[in-house]
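[1] Model the structure of this input:
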Amino acid sequence: NPGYLSAQNMVLRNGPANAHGIDWRNVSRSRFPYNIQQLPGDKNALGRLKMEMPNRFDVYLHDTPSKSLFAQSDRFFSHGCVRVQQVGELAKYALTGDPSADVARILQPADDKTDRVALAQPLPVYILYWTVFRDVDGSVAFRRDIYGRDSRLIAALNGKRMAVSMANLPTPCGS
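    All right, here's what the predicted structure looks like:
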């Protein structure tokens, strides 16, 4: 579909300004010379707000235009990053310490451009990966181990080493 990129608000960063001029039949996954970027705006897969955190995995917190995904019980749609249901309130808290603060200018820019806002004080973020935990009723609850960490942990506890297969793991957001 020659109009796909423009319909998704995407541009080629190192190619012709008009993607219609590319002979896409001669472009393959192994020979893909272009960098594609989705511009800021309502169609952006990261929503209107992305909260970057310094970490070696390039994982961040972000909004989403697909709000219906929060109704799903299986939430592994962000390829390693974390979709935040109420990202505006979290951003307000991070910026001011008050989730009801008026920072609409920052959270709803009038144009479709990227603005960077640094926090005055660092906000520690801890992401815990639990596949077994105590449920609200006190019973033991289990969740699917999508990252395959349980088998590696069990092997380590038994004094064994396991090879890590990256093939079935979600790809990081920044990749």
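[2] show me the contacts for Phe142.
    Listed by CB atoms under 8 Å, 6 or more residues apart in numbering, the contact set of Phe142 reads 131-132. Quick note: C-beta positions are derived from backbone N, CA and C, even for glycine.
[3] what does Phe77 give?
    Contact analysis of Phe77 by CB under 8 Å, 6+ apart lists 66, 69, 83.
[4] again, but for Gly159
    Applying CB under 8 Å, 6+ apart, no residues qualify as near Gly159.
[5] what helix or strand does it sit in?
    Using DSSP states H and E, Gly159 maps to neither a helix nor a strand.
[6] Which pLDDT value goes with it?
    At Gly159, the predicted lDDT confidence score is 89.
[7] Find the helix or strand that the closest residue to Ala120 other than its chain neighbours is a member of.
    Excluding its sequence neighbours, the residue lying closest to Ala120 (CB to CB, 6 or more residues apart in numbering) is Leu95, at 7.8 Å. When elements are defined using DSSP H and E, Leu95 is found to belong to helix 87-96.
[8] hmm, who's touching that helix?
    The contact list for helix 87-96, computed with CB under 8 Å, 6+ apart, reads 47, 49, 51, 61-63, 84, 98-101, 103, 106-107, 117, 119-120, 123.
[9] To which secondary structure element is Tyr147 assigned?
    Tyr147 is part of no helix or strand when elements are defined by DSSP H and E.
[10] That one and Gly47, how far apart?
    24 Å (CB to CB, to the nearest Å).
[11] Strands - which of the contacts of Phe77 land there?
    Arg83 (DSSP state E).
[12] quick one: the helices in the protein?
    Taking DSSP state H as the criterion, the chain carries its helices at 4-7, 87-96, 104-107, 149-157.
[13] mean pLDDT lowest for which of those?
    helix 104-107 (a mean of 62).
[14] The residue nearest the centre of the chain and Val87, how far apart?
    Central residue of the chain (CA atoms, centre = their mean): Cys81, 3.3 Å from the mean position. Applying CB to CB, the value for Cys81 to Val87 is 12 Å.
[15] Pull up the overlap in contacts between the two.
    61-62.
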